[in-house]
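>>> Mind looking at a prediction? Sequence and model below.
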Amino acid sequence: MSAATAIFDRSGRRRVYNGVFVLLCMLATAIALVALAAILFSLLRNGFGGFGLSVFTEDTPPPGASGGLRNAILGSVLLCFAAMIAAVILGMLAGTWLAEYSRDGWYSRTVRFVNDVLLSAPSILVGLFVYVIAVRPLHGFSALAGALALALIAAPIVTRATEDVLRLQPRTLRESGVGLGTPFWIIIWRILWKAAAGGIITGALLAFARISGETAPLLFTALNNQFFSVNLLRPIANLPVTIFNFALSPYEDWQKLAWAGALLIAFAVLAINVLVRILAMRGKHV
Amino acid sequence: MSEALASPADRPFVPVHARGERLEPAFHYACAAAATALFGAMIGLCIMLAWGGWPSISTFGIGFFTSTVWNPVTDIYGGASPILGTLITSAIALALALPLAFCTAVFLVEFCPNPLRRPIGIAVELLAGIPSIVYGMWGLFVFAPLFAQYIETPLMSWAPPGSIWERLFTGIPNGSGILTASIILAIMILPYIAATLRELFLSIPVRVRESAYGIGCTPLEVVWSVTLPYVRRSAIGAVMLGLGRALGETMAVTFVIGNSHRLPRGLFDSGSTISSIIANEFAEATSPMHMSALLELGFVLFLITFVVLALARALLGHGHSA
């Protein structure tokens, strides 16, 4: 129906079509909201059943015994922090290079494109890659390999955030540094990174939220561990893989713990996301 | 910019920064090295998957793509069913998610009452933030039983024997299978597509839309004849981005697809996708050839998603992060 003929539509068909369209749009939004509510509701209902102080104070149990998720929680925190340290260093430097040193060369355009693809590349492939380069040659699953896989997933997010927010900084900021005769890297280090800190922190938080729930890349890098371990060269317990194993097990205690773990992860991730929005609203970064 | 500062001869006395000046190249190279590391990761990913899969590629050749035999005992592998499973589930997920995402984005831009706009927008984005393993658990323990009871069983008893419906609805009505996986995938990619589309709609100059309203168009006509054509290219990119997510999604699918190596016979039948089969078997692969076959599947997934994501980025341009 083209607009020209539609104007002379006296039967009110246009209004009817439009009404149906509005209804469909409302319905679609309602479906999305209901899905979110349903997921949160079942998380709360099933998660609180297995929730208690013991979740934080006891290690993962053998089937039939009582226990908690202490080793898995600590393992996940350790993995994520190790990964974030690597990812923030790598991402900030790469993002700085893209924004400040080489904006429009063919190589920087390629890197930017590759980074964009890596942003949404399947995480399980990153796990396979790390297995081939770091697990197979060393003959063993290790926490370090898991952290490496997570770092490879987080780094593109930090790179992207760093580049975007550095590009937003006014030219005068750089000129003021140049005017004082400051070497360019000190301008970046002391002025630009400080001005861009809010946006970079936001990006890093989002990356942290993303990797804290990632399961697929840990399945065959960090593996899992029934026991408490902080040895970076051995398999390490972690929440996502523990949830995966426990949820698919036939034991009810384990399934309960899996729900408690899922609740923990989901709300940590949601809390970070909400925090990021509050930060963004306050500072108008990004 | 760095060149302009490089020669100390232009500036008569800068003893304070003499040391800093010497470190400039080091910093520059560190930045360039970090960027190269990202580039190297991508190249390495591609090469390592191909290299790891090479024994399987050279043994099974092109037959890998047509055979559905997956037998770790005799060490003979064919990837047709997981590859097909990946394509089918993603296609169905996209078909379900696209209209919903489009309508949600339109609602948020055109119809949503102002006070609700922000909260609903954030809620949709939160849906995107939920880890995929949570979707998987929810799909298996909450969605699948309901789906089996209220959708699968009635549909199977309704389908007239001999009709196309009967063939479509074959399978075991236990709640897990191709269609369940597709629906969970659709819920997962909906917020990504909706958020990107909303961003695109908002990027259209207000007077373009307002002039359409000004000649008396209804909102439907504005969206269909003005908004959509204006962002068509990028909108296709947004959809491809969602498709890329669906193709590579692992955990949610692994929970609910049923994990069988056969070609699925109907929508309710169990099946597998590339990522689900890798997640299930890789850590316990029995022989080098088994592992190699899984790596070859990974390589195939890499090629498929790379093409889709590259197209998406080319269509979207730089500047959309969703």
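Thanks, I have the structure now.

>>> Which single residue in the stretch 1-150 of chain B comes nearest to chain A?
Nearest residue of the stretch 1-150 of chain B to chain A: B:P131, at 2.4 Å (CB to the nearest CB). Just so you know, the C-beta spots here come from the backbone N, C-alpha and C atoms, and that holds for glycine as well.

>>> So that residue is in contact with A:A216, correct?
No. B:P131 is beyond contact range of A:A216, at 10.6 Å (criterion: CB atoms under 8 Å).

>>> joint contacts of the two?
B:M251 (CB atoms under 8 Å, 6 or more residues apart in numbering or on different chains).

>>> more neighbours, the two?
It is A:A216, of B:P131 and A:A216, that has more neighbours when counted by other CB atoms under 10 Å in any protein chain shown, with 29 against 26.

>>> Distance of the more buried one relative to chain B?
Using CB to the nearest CB, to the nearest Å, A:A216 is found at 4 Å from chain B.

>>> tell me the contacts of whichever residue of the stretch 151-286 of chain A sits closest to chain B?
The nearest approach of the stretch 151-286 of chain A to chain B comes at A:G213, 2.4 Å away (CB to the nearest CB). Going by CB under 8 Å, 6+ apart, A:G213 touches A:240, A:265-266, A:269, B:130-134.

>>> Tell me who's in contact with A:W189.
By CB under 8 Å, 6+ apart, the neighbours of A:W189 are B:F27.

>>> Would you mark the buried spots in the longest helix seen in chain A?
Determined from DSSP state H, the single longest helix within chain A is helix A:13-49. Burial within helix A:13-49, assessed by neighbour count using 16 or more other CB atoms under 10 Å in any protein chain shown, is assigned to A:14, A:17-18, A:21-22, A:24-25, A:28-29, A:32-33, A:35-36, A:39-40, A:42-43, A:46-47.

>>> cool, stretch B:113-132 as well?
By neighbour count on 16+ other CB under 10 Å, the buried set for stretch B:113-132 is B:120-121, B:123-132.

>>> Next: stretch A:137-150.
For stretch A:137-150, by 16+ other CB under 10 Å, it's A:141-150.

>>> residues touching B:S90, list them.
Applying CB under 8 Å, 6+ apart to B:S90 gives the contacts B:185, B:243, B:246-247.

>>> For A:I89, which non-adjacent residue is spatially closest?
Nearest residue to A:I89, sequence neighbours excluded (CB to CB, 6 or more residues apart in numbering or on different chains): B:A34, at 7.7 Å.

>>> Hmm, that neighbour is touching A:L90, no?
Yes. Taking CB under 8 Å as the definition, B:A34 is a contact partner of A:L90 at 5.0 Å.

>>> can I assume B:S260 sits in a helix?
No. Read with DSSP: H, G, I helix; E, B strand; the rest coil, B:S260 is coil and lies in no helix.

>>> okay but it is in contact with B:S272, surely?
Yes. Between B:S260 and B:S272 there is a contact under CB under 8 Å: 6.4 Å.

>>> Those two: which has the busier surroundings?
It is B:S272, of B:S260 and B:S272, that has more neighbours when counted by other CB under 10 Å, with 30 against 15.

>>> returning to that earlier point: return the subset of the buried residues of stretch A:137-150 lying in helices.
A:143-150.

>>> Switch the residues you listed over to JSON lines; also include pLDDT and distance to B:L155.
Formatted as JSON lines, those follow (pLDDT from 0 to 100; distance: CB to CB, whole Å):
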{"residue": "A:A143", "pLDDT": "93", "distance to B:L155": "47"}
{"residue": "A:L144", "pLDDT": "93", "distance to B:L155": "49"}
{"residue": "A:A145", "pLDDT": "94", "distance to B:L155": "45"}
{"residue": "A:G146", "pLDDT": "94", "distance to B:L155": "42"}
{"residue": "A:A147", "pLDDT": "95", "distance to B:L155": "46"}
{"residue": "A:L148", "pLDDT": "95", "distance to B:L155": "46"}
{"residue": "A:A149", "pLDDT": "96", "distance to B:L155": "41"}
{"residue": "A:L150", "pLDDT": "96", "distance to B:L155": "41"}
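
>>> filter these down to the ones near chain B?
Residues of those in contact with chain B (CB under 8 Å from any CB of the partner chain): none.

>>> quick one: which of the residues you listed is nearest B:S276?
Closest to B:S276 out of these is A:A149 (18.4 Å), distances taken as CB to CB.

>>> Would you mind measuring from the closest one to A:G127?
For A:A149, the distance to A:G127 equals 5 Å [CB to CB, to the nearest Å].

>>> cool, B:N71 as well?
25 Å.

>>> out of the two, which sits in the more crowded spot?
A:G127 (32 against 11).

>>> Could you double-check that that one sits in contact with A:A216?
Yes. Using CB under 8 Å, A:G127 is in contact with A:A216, at 5.7 Å.

>>> Apart from its chain neighbours, what residue comes closest to residue 177?
Here I'm looking at chain A. Spatial nearest neighbour of A:G177, excluding adjacent residues (CB to CB, 6+ apart): A:I187 at 3.5 Å.

>>> let's do chain B instead
Closest residue to B:G177 apart from its sequence neighbours, by CB to CB, 6+ apart: B:F268 at 4.7 Å.

>>> Repeat that for B:H261.
Counting by CB to CB, 6+ apart, the residue nearest B:H261 is B:W70, at 4.1 Å.

>>> Pull the contacting residues for the one you found.
B:W70 neighbours (CB under 8 Å, 6+ apart): B:77-79, B:81, B:261.

>>> Could you measure from it over to B:G85?
Per CB to CB, B:W70 is found 12 Å from B:G85.

>>> Next: A:R160.
32 Å.

>>> now swap in A:I124 and tell me
15 Å.

>>> can you check B:I133 too?
Counting by CB to CB - B:I133 and B:G85 are separated by 20 Å.

>>> Same question for B:A32.
In terms of CB to CB, B:A32 sits 42 Å off from B:G85.

>>> who has more neighbours, those two?
Between B:A32 and B:G85, B:G85 has the larger neighbour count (other CB under 10 Å), namely 27 against 19.

>>> got a list of what the residue nearest the centre of chain A touches?
For chain A, the residue whose C-alpha lies nearest the mean C-alpha position (CA atoms, centre = their mean) is A:R210; its distance is 1.2 Å. Shown in contact with A:R210 (CB under 8 Å, 6+ apart): A:153-154, A:157.

>>> re the thing from before, quick one: secondary structure of the residue nearest to A:G177?
A:I187 ends up helix, using three-state DSSP.

>>> Please give me every residue in contact with it.
Contacts of A:I187 by CB under 8 Å, 6+ apart are A:174, A:177-178.
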